[in-house]
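Colleague: what shape does this take:
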Amino acid sequence: MISLNNISVAFGSFTLLDNISLHIGDSDKIGLVGKNGAGKSTLMKLITGEQTPTSGSVERPAGIQIGYLPQIMEHHRGRTVMEETLTVFDELRDLEAETHRISAELSERTDYESKEYEALINRLNEINDRLSLESGASPRAQAERTLSGLGFKSDEWDRKTETFSQGWNMRIELAKILLSKPDVLLLDEPTNHLDIESIEWFEDYLKSFRGSLLLVSHDRRFLDNVTTRTAEILLGHIHDYKVPYSQYMVLRQERIAQQTAAYENQQRMIEKTEDFINRFRYKPTKSNQVQSRIKALEKLERIEIDETDNSAFSLKFPPASRCGDVVYKGSGLTVGYPGKIVFRDAEIEIRRGDKVALIGRNGEGKTTLMRVITGELDPLEGESKVGHNVSIGYYAQNQEDILDKNETVFSTLDRIAVGEIRTKLRNLLGAFLFKGEDIDKKVSVLSGGERARLGMARLMLESHNVLALDEPTNHMDIRSKDILKKALQGYDGTLIVVSHDRDFLDGLVGKMYEFRDGKVKEHLGTVSEFLRERKIESLQELERKSVREEKPVAPEKKNETPSYEKVKSLSKEARKIRNRVKYLEDRIMTLETRQAEIEKILSNPGEKDDIMELTREYLENKRTSDALTDEWGNLSEQMEQ
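Modeller: I've put the predicted structure just below:
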């Protein structure tokens with residue numbers, strides 16, 4: 001369908017894409033992967049024609065319809081969500097109007113044998129054929145279905161687009177692209193602003209999409225669920241694998257291993273042959289053999305190992321200072337803005353060492369709660385209290401607005417750094433892959449991933465015992481996300497993170513607060529468990545509804561039998577205690593496992609082991625474990641009563 005033939009893209013002396021070729025078939029589902037700045041977005045722009053190659057050609061069939069969702073786009077203002085979405089059907093409305101005009105003209109004409117009359121008939125048939133292909137649900141019904149799948153509520157369809165965030169406007173653009181029913185979809189990080197439920201709906205849509213798909217995403221699970229082929233851009237070249245992402249990673253390692261083994265075997269053979277030539281070059285009795293081997297070496301096709309880009313930023317958060325057992329407590333929180341309440345009556349408690357995720361639909365209050373915790377916003381009702389000696393490091397998702405576009409990479413940190421760290425800024429930036437001339441780049445020219453790394457580097461200029469991270473992985477490539485996740489797993493402070501990335505959260509957090517329909521609900525366990533629980537809970541909700549509809553039999557004696565509402569309340573409280581006990585048991589077991597590891601190291605420390613740091617960690621874990629054990633004992637007694 002679409003072919004890129006020997007494409008090269010160069011900027012001065014720097015070659016971004018070097019003589020690459022790629023064919024996209026009629027129903028191919030391709031994941032386009034590579035590091036930030038490798039050229040993935042450029043490749044998509046070449047396909048759409050927004051950018052022209054330095055050399056090579058792009059072949060597209062005539063009349064092909066391409067739906068392209070870039071990372072950054074202009075959003076329209078002045079229309080409601082529904083009005084803006086329905087603009088995708090403007091062409092169909094124009095065609096319907098044209099059929100009425102042609103039909104009216106034909107009814108008045110009598111020159112049935114003329115070429116003009118024949119041309120009108122042909123045009124009318126052409127339009128009717130096109131409209132018949134588009135027959136089915138009405139445009140509004142299609143728009144409602146798509147907007148609902150992407151997370152819009154029905155009472156939001158009549159809101160002006162400018163009252164929504166950039167992420168929600170991206171969803172409107174995505175809805176328009178899907179409703180246009182293109183032959184090819186080019187999607188550049190479409191999940192960055194989608195919540196978990198919208199991602200699942202979008203996955204189902206793309207699985208049933210009959211056209212071609214070229215997808216850039218840093219969500220490996222999304223890639224695995226949607227794509228069947230993986231194209232990797234690496235150091236200007238492209239490597240094509242006919243498998244989804246996870247299988248591509250395995251095949252890639254196998255290919256490199258096979259190339260390395262073949263290369264080493266060939267090098268040994270070449271070395272032996274050259275040694276023979278050098279030893280017997282001047283012996284007349286061996287001259288024929290020597291010449292034969294020289295010719296064999298000249299004809300030998302040399303094996304090369306594909307270049308690999310092993311650069312990755314290194315990240316280890318500074319040790320967290322001691323703070324109170326309760327890091328943050330919100331009681332009866334009602335939070336919002338003038339004229340709009342976001343959520344009501346929330347009960348939130350985050351304890352020292354907790355790793356907590358705030359999850360849910362965009363616009364339900366996750367970032368708003370972050371602002372309450374960091375002190376940027378006061379609740380409308382209830383009590384919001386930060387614990388003793390808590391120092392919060394806040395990473396906001398709107399790095400576009402926070403970073404000064406006129407500053408350079410280096411001056412961004414130099415402006416806020418104080419003390420000894422100022423002498424180490426180049427080392428810190430180097431750890432985040434800003435090397436050489438990169439540190440003099442203006443923020444305005446950085447990619448989304450580079451801005452994310454710069455924002456994280458800013459966060460590390462000071463030591464914090466609480467990290468509040470709002471969508472930290474947006475625009476980060478998969479390798480960078482893995483490094484950040486590993487660093488956060490090793491962080492000894494408290495973590496509060498807003499993210500819709502299931503793979504990133506799974507194995508990182510042990511507690512979640514779900515924001516839904518103006519309420520906040522606590523869940524203990526992993527993200528996978530949460531998703532399974534939600535499906536179970538939806539069935540329980542149906543059961544509860546049917547129970548409420550049944551009229552309860554009045555007890556014979558007053559107060560002898562608890563009321564339904566009281567039983568429900570007691571059951572809910574018991575379930576909450578049971579979940580907390582399970583969470584405490586898992587946390588205590590994790591701490592005890594780590595304590596045993598530290599004891600083993602301290603009994604026979606190596607040269608690289610930091611005994612002081614290990615001792616500090618051991619004592620800190622012991623204090624935490626003792627506090628959790630006391631709480632576990634109290635709750636266990638309550639369960640037995």
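Colleague: low-confidence ranges, the stretch 351-500 of the chain, go.
Modeller: 398-401, 418-422, 431, 447-449, 475 (pLDDT under 70).
Colleague: what segments of it are helices?
Modeller: For the stretch 351-500 of the chain, the helices defined by DSSP state H, counting those that start in this stretch occupy 366-373, 399-402, 409-414, 425-431, 448-459, 478-490.
Colleague: select, out of these, the one closest to A574.
Modeller: Counting by Cβ to Cβ, A574 lies closest to helix 366-373 out of those; the figure is 26.8 Å. C-beta here means a position set from N, CA and C on the backbone, and glycine is covered the same way.
Colleague: hmm, who's touching that closest one?
Modeller: 328, 330, 333, 335-336, 342-343, 346, 348, 358-360, 377-379, 384, 386, 392, 394, 396-397, 468, 470, 496, 498, 513, 515, 520 (Cβ atoms under 8 Å, 6 or more residues apart in numbering).
Colleague: for L223, which of the helices of the stretch 351-500 of the chain is the nearest?
Modeller: Checking those against L223 by Cβ to Cβ gives helix 478-490 as the closest, at 8.8 Å.
Colleague: packing partners for that closest one?
Modeller: Under the contact definition 3 or more Cβ pairs under 8 Å, 6 or more residues apart in numbering; DSSP states H and E, helix 478-490 sits against helix 448-459, helix 502-505.
Colleague: now the closest residue in space to D219 that isn't next to it in sequence: how far from E232?
Modeller: Spatial nearest neighbour of D219, chain neighbours left out: T191 (5.3 Å); criterion: Cβ to Cβ, 6 or more residues apart in numbering. Distance, T191 to E232, using Cβ to Cβ, to the nearest Å: 19 Å.
Colleague: likewise for G56?
Modeller: Distance from G56 to E232, by Cβ to Cβ: 19 Å.
Colleague: so between the two, which is more surrounded?
Modeller: E232 (20 against 17; other Cβ atoms under 10 Å).
Colleague: for D477, what are phi and psi?
Modeller: D477 adopts backbone torsions of phi -80, psi 170, taken as degrees, to the nearest 10.
Colleague: check contacts around it.
Modeller: If you count contacts by Cβ under 8 Å, 6+ apart, D477 has them with 34-36, 218, 449.
Colleague: the same query, at a cut-off of 10 Å, please.
Modeller: D477 sits next to 33-38, 40, 216, 218, 312, 449, 452 when contact means Cβ atoms under 10 Å, 6 or more residues apart in numbering.
Colleague: possible to save those residues as TSV with secondary structure?
Modeller: Below are the contacts of D477 laid out as TSV (DSSP: H, G, I helix; E, B strand; the rest coil):
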residue	secondary structure
V33	strand
G34	coil
K35	coil
N36	coil
G37	coil
A38	coil
K40	helix
V216	strand
H218	coil
A312	coil
G449	helix
A452	helix
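Colleague: can you say which of these are buried?
Modeller: 33-38, 40, 216, 218, 449, 452 (16 or more other Cβ atoms under 10 Å).
Colleague: and which of these is nearest to D90?
Modeller: V216 (28.5 Å).
Colleague: so what's that closest one bridging to?
Modeller: V216 has the following beta-bridge partners by DSSP bridges: D188.
Colleague: need the pLDDT of it.
Modeller: Looking at V216, its pLDDT is 91.
Colleague: which stretches of the stretch 1-150 of the chain form strands?
Modeller: Remark: strands assigned in the stretch 1-150 of the chain by DSSP state E, counting those that start in this stretch are 2-11, 14-24, 29-33, 55-59, 66-69.
Colleague: what pairs with the last one, parallel or antiparallel?
Modeller: Neighbouring strands of strand 66-69 in its sheet, by DSSP bridges, are strand 184-188 (parallel).
Colleague: tell me what angle the strand it pairs with forms with strand 2-11.
Modeller: On the basis of axes from the mean of the first three to the mean of the last three Cα atoms, to 10 degrees, strand 184-188 is oriented at 30 degrees to strand 2-11.
Colleague: now strand 184-188 and strand 29-33, what's the angle there?
Modeller: Using the same axes, to 10 degrees: strand 184-188 against strand 29-33 is 30 degrees.
Colleague: after strand 184-188 comes which helix or strand?
Modeller: As assigned by DSSP states H and E, the chain's next helix or strand after strand 184-188 is helix 196-208.
Colleague: for that next one, buried residues please.
Modeller: Here helix 196-208 shows 196-200, 202-203, 206 as buried, counting by 16+ other Cβ under 10 Å.
Colleague: mind putting the residues you listed into CSV with distance to L484 and pLDDT?
Modeller: Below are those laid out as CSV (distance: Cβ to Cβ, whole Å; pLDDT from 0 to 100):
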residue, distance to L484, pLDDT
I196, 19, 70
E197, 24, 74
S198, 23, 83
I199, 20, 84
E200, 24, 82
F202, 24, 90
E203, 24, 90
L206, 27, 92
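Colleague: out of those residues, the closest to Q595 would be?
Modeller: Of the buried residues of helix 196-208, the one sitting nearest to Q595 (Cβ to Cβ) turns out to be I196, at 34.4 Å.
Colleague: can you tell me how far the closest one is from R532?
Modeller: According to Cβ to Cβ, I196 and R532 sit 13 Å apart.
Colleague: shared neighbours of the two, anything?
Modeller: What both I196 and R532 touch, as defined by Cβ under 10 Å, 6+ apart, is an empty set.
Colleague: show me what whichever helix in the chain runs longest is packed against.
Modeller: Taking DSSP state H as the criterion, the chain has its longest helix at helix 564-603. Judged by 3 or more Cβ pairs under 10 Å, 6 or more residues apart in numbering; DSSP states H and E, the packing partners of helix 564-603 are strand 511-516, strand 519-524, helix 527-549, helix 611-640.
Colleague: worst average pLDDT in those?
Modeller: Among these, helix 527-549 carries the lowest mean pLDDT, at a mean of 50.
Colleague: strands of the stretch 151-300 of the chain, start to end?
Modeller: Residue ranges of the strands in the stretch 151-300 of the chain, as given by DSSP E, counting those that start in this stretch, are 184-188, 212-216, 229-234, 237-241.
Colleague: show me the protein divided up by domain.
Modeller: 1-65+182-242, 80-181, 260-299, 311-391+463-551, 568-641 (automatic domain parsing).
Colleague: still on that earlier bit, so for F317, which of the strands of the stretch 1-150 of the chain sits nearest?
Modeller: For F317, the closest of the strands of the stretch 1-150 of the chain is strand 29-33, at 27.3 Å, according to Cβ to Cβ.
Colleague: that closest one packs against which elements?
Modeller: Packing partners of strand 29-33 (3+ Cβ pairs under 10 Å, 6+ apart): strand 14-24, helix 40-48, strand 184-188, strand 212-216, helix 220-226, strand 229-234, strand 237-241, helix 245-280.
Colleague: list the contacts of the fifth one.
Modeller: Read it as helix 220-226. Contacts with helix 220-226, where a contact means Cβ under 10 Å, 6+ apart, come from 29-33, 187, 190-191, 194, 199-200, 202-207, 209, 213, 215-217, 219, 230, 243-249, 478, 481-482, 501-504, 506.
Colleague: could you dump the helices of the stretch 351-500 of the chain to CSV with distance to W168?
Modeller: As requested, the helices of the stretch 351-500 of the chain are exported to CSV (distance: least, Cβ to Cβ, whole Å):
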stretch, distance to W168
helix 366-373, 13
helix 399-402, 16
helix 409-414, 28
helix 425-431, 34
helix 448-459, 18
helix 478-490, 24
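Colleague: residue contacts, Q489?
Modeller: 355, 495, 507-508.
Colleague: sorry, back to before: can I get the domains of the chain in CSV with distance to V409?
Modeller: Shown next, in CSV, are the domains of the chain (distance: least, Cβ to Cβ, whole Å):
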stretch, distance to V409
domain 1-65+182-242, 14
domain 80-181, 23
domain 260-299, 36
domain 311-391+463-551, 13
domain 568-641, 31
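Colleague: out of the ones you listed, flag the one nearest F410.
Modeller: domain 311-391+463-551 (16.0 Å).
Colleague: sorry, back to before: got CSV for the contacts of D477, with distance to L619 too?
Modeller: As requested, the contacts of D477 are exported to CSV (distance: Cβ to Cβ, whole Å):
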residue, distance to L619
V33, 44
G34, 45
K35, 41
N36, 40
G37, 44
A38, 45
K40, 47
V216, 47
H218, 38
A312, 33
G449, 39
A452, 35
